[in-house]
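> structure for this input, please:
(2 chains)
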Amino acid sequence: MGWMAWTQNTAIFFCCIALILVVMTLWELKSPSLERKGFLPMETTRGDRLFIGLLSSAYIHLAFLATTQLSLWIALAISVGWLLALLRWG
Amino acid sequence: MIVKIKNQKALWLILPVFVLVAFSSLIPLMTIVNYSIQDIFDVNNAYYVGTDWFREVLADPRLRDSLVRQFGFSASVLLIEIPLGIGVALMMPKSGRLASLCLVVLAVPLLIPWNVVGTIWQIYGRADIGLMGSALTSMGFDYNYASDPVDAWLTVLVMDVWHWTSLVALLCFSGLRAIPAAYYQAAQIDRASGWSVFRYIQLPKLKNVLVIAILLRFMDSFMIYAEPFVLTGGGPGNSTTFLSQTLTKMAIGQFDLGPAAAFSLIYFLIILAVSYVFFTTITQMDKER
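Model prediction:
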């Protein structure tokens, strides 16, 4: 795996993503998700909302990098809040 | 409502696909993420730089310009190829030998490799030895794709239309053939006009293939590389330098692997977001109906 040039930060990042996927899989096995309509304009399953949340979180981070010099921890906090809101009410 | 999960052992059958995708896409993508936060020449010479490359890439005017050009190009390609492809499919003979002939002729441009298409058009557009170039020049047009940005842009666009409209036409043709005759008979009984038949029968029935056509054409045109690279080399100036060419210059030309990796990720996120929004919008329209 040496050629992949791992860093501690990226390893933690991917572990978190993998963990989220594992937890979502277990959750899905325990109680299968049904499509429902929240504040998003279309019906979504839990997996859809997770995907939208992760993708938009990436954009939130990029927007932070492009427009501010603020710490990315703020972007992370906003993203986590946004992801949870999306999963609950999206 | 409680949904009971039944036997889902068949899910294991997707394991080979998962391994293949991991090997060909997932692991390389993870490597790119690793590269994007390091100043890296090789594995032994990698220095952690945090988000510096992302900030640099996001502030780079060259990349912004090529991004704008890229969106302009993809939008133009879709606006021309989709209606044209539908039109060609509607005008094609429905069956018989002539239909087969049309299908073969339409498929020819699709069989030509990208760089060969670039070479064909490079010669075709030249004023001294190319048919199109000399014809336009003799008609009094001041056409030169090597020095005029508008000419270069139009040539790349026409080349893409020539290369890929067939794909849209073939997809639409198969979609049109799948419409049961009963729909047309019903339309005839109602004395529906040609336009109504198109608007209320053919177009809705074509939607699924159009989704595929639009997605394929968007993604392909957004990743276009070989044809403009061979035809214009990205010039004159930077007028036909699209995203992938900017990226290649950065990664292979200058060997700036870190910034190139950061830029690749942004590029990937754009394609992912646009394709997802598009796909969701269209499948949603389907549900609402």
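> so what are the domain limits for the chain?
Picked chain A for this. Using automatic domain parsing, the domain parsing of chain A gives A:1-32, A:35-90.
> my bad, the chain I had in mind was chain B
If you go by automatic domain parsing, chain B breaks into B:27-59+B:256-289, B:71-241.
> need those domains in TSV (columns: mean pLDDT).
What follows is the domains of chain B, written out as TSV (pLDDT from 0 to 100):
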stretch	mean pLDDT
domain B:27-59+B:256-289	87
domain B:71-241	90
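> and the residue of chain A found nearest chain B, what element?
At 4.1 Å from chain B, A:A66 is the closest residue in chain A, using CB to the nearest CB. Placement of C-beta: from N, CA and C, glycine included. Using DSSP states H and E, A:A66 sits in helix A:46-67.
> distance between that helix and the chain's centre?
7 Å (CA atoms, centre = their mean, to the nearest Å).
> what packs against that helix?
Judged by 3 or more CB pairs under 8 Å, 6 or more residues apart in numbering or on different chains; DSSP states H and E, the packing partners of helix A:46-67 are helix A:8-30, helix A:72-89, helix B:52-59, helix B:257-288.
> show me which residues of chain B sit near chain A.
Contact residues, chain B versus chain A (CB under 8 Å from any CB of the partner chain): B:1, B:3, B:5, B:27, B:30-31, B:33-35, B:37-38, B:40, B:43, B:46, B:48, B:51, B:54-55, B:58-59, B:266, B:269, B:272-273, B:276, B:280, B:284, B:287.
> narrow these to those that are buried.
Buried members of those, counted by 16 or more other CB atoms under 10 Å in any protein chain shown: B:30-31, B:33-35, B:37-38, B:40, B:46, B:51, B:54-55, B:58, B:266, B:280.
> and B:Y143, how far from chain A?
Per CB to the nearest CB, to the nearest Å, B:Y143 is found 39 Å from chain A.
> isn't there a strand covering that residue?
No: assigned with DSSP: H, G, I helix; E, B strand; the rest coil, B:Y143 falls outside any strand and is coil.
> contacts only, for it.
B:G125, B:A127, B:G133, B:L136, B:T137, B:D151 (CB atoms under 8 Å, 6 or more residues apart in numbering or on different chains).
> point out the most buried one among the domains of chain A.
Of all the domains of chain A, domain A:35-90 carries the top mean neighbour count, a mean of 15, counting by mean count of other CB atoms under 10 Å in any protein chain shown.
> quick one: end-to-end distance for that domain.
11 Å (CA to CA, to the nearest Å).
> skipping its backbone neighbours, what lies nearest residue 51 in space?
The chain I'm using is chain A. The shortest distance from A:F51 to any non-neighbouring residue, by CB to CB, 6 or more residues apart in numbering or on different chains, is to B:Y276 (7.6 Å).
> other chain: chain B
A:L65 (5.7 Å).
> if anything else comes up later, I'll come back, but that's it for now.
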